[in-house]
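A.B. asks: turn this into a model:
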Amino acid sequence: MNATIEVDEQTYRSLEFAGRMSDSTAGTVVARLVADASMSTPESAADEAHVEKVAEIPIYADYEGHRTRASFNRDTARIDIMSGPLAGRSFKSPTGAARAVVAHYKPDVSPNRNGWSFWMLDNGSGAFLQSIRHST
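C.D. replies: Have a look, this model is predicted:
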């Protein structure tokens, strides 16, 4: 069955971009988003405890229509960029990594950002990296 949904032009362009980045279609991106949302549950205490024990935590940042995936090392606070044009680069802090992302995608603006509130935990919680800052 081919059903249709309506989205604004910007959302559609974003979906097309995400499709190109993942070598799929905008429809596949929507299907994945719906599947992920239907499988996600609110974080439980056990989930939070697991995040606190893991040294490498997957994170991401969405900026200017681009998603950058990275890994946060809770022992060193180091950020290793895993995707996009900055993939393979490593930064001593979340703020340094955030500034590099901003400078890359929008070099005409000040890159000053608080990295702790720029990066998100990539665990479906929608929480900022800041939420685990004091447990590092």
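A.B. asks: now the strands: where do they sit in the chain?
C.D. replies: Along the chain, the stretches classed as strands by DSSP state E are 56-63, 66-73, 78-81, 90-91, 120-121.
A.B. asks: the residue nearest the centre of the chain and L86, how far apart?
C.D. replies: Centroid-nearest residue in the chain, with Cα atoms, centre = their mean: Y60, separated by 2.0 Å. Note on Y60: its distance to L86, by Cβ to Cβ, to the nearest Å, is 13 Å. For the C-beta atoms, the positions are set from N, CA and C on the backbone; glycine is no exception.
A.B. asks: where do the contact lists of these two overlap?
C.D. replies: T68 (Cβ atoms under 8 Å, 6 or more residues apart in numbering).
A.B. asks: confidence score at the residue nearest to the centre of the chain?
C.D. replies: Note on Y60: pLDDT of 96.
A.B. asks: shaky segments in the protein?
C.D. replies: Along the chain, segments meeting pLDDT under 70 span 1-2, 21-24, 29, 34-54, 135-136.
A.B. asks: how about a cut-off of 90?
C.D. replies: Where the chain drops to pLDDT under 90, the residues are 1-55, 74-75, 123-126, 132-136.
A.B. asks: which residues of it fall in helices?
C.D. replies: Applying DSSP state H to the chain gives helices spanning 9-21, 26-39, 45-53, 94-105, 115-118.
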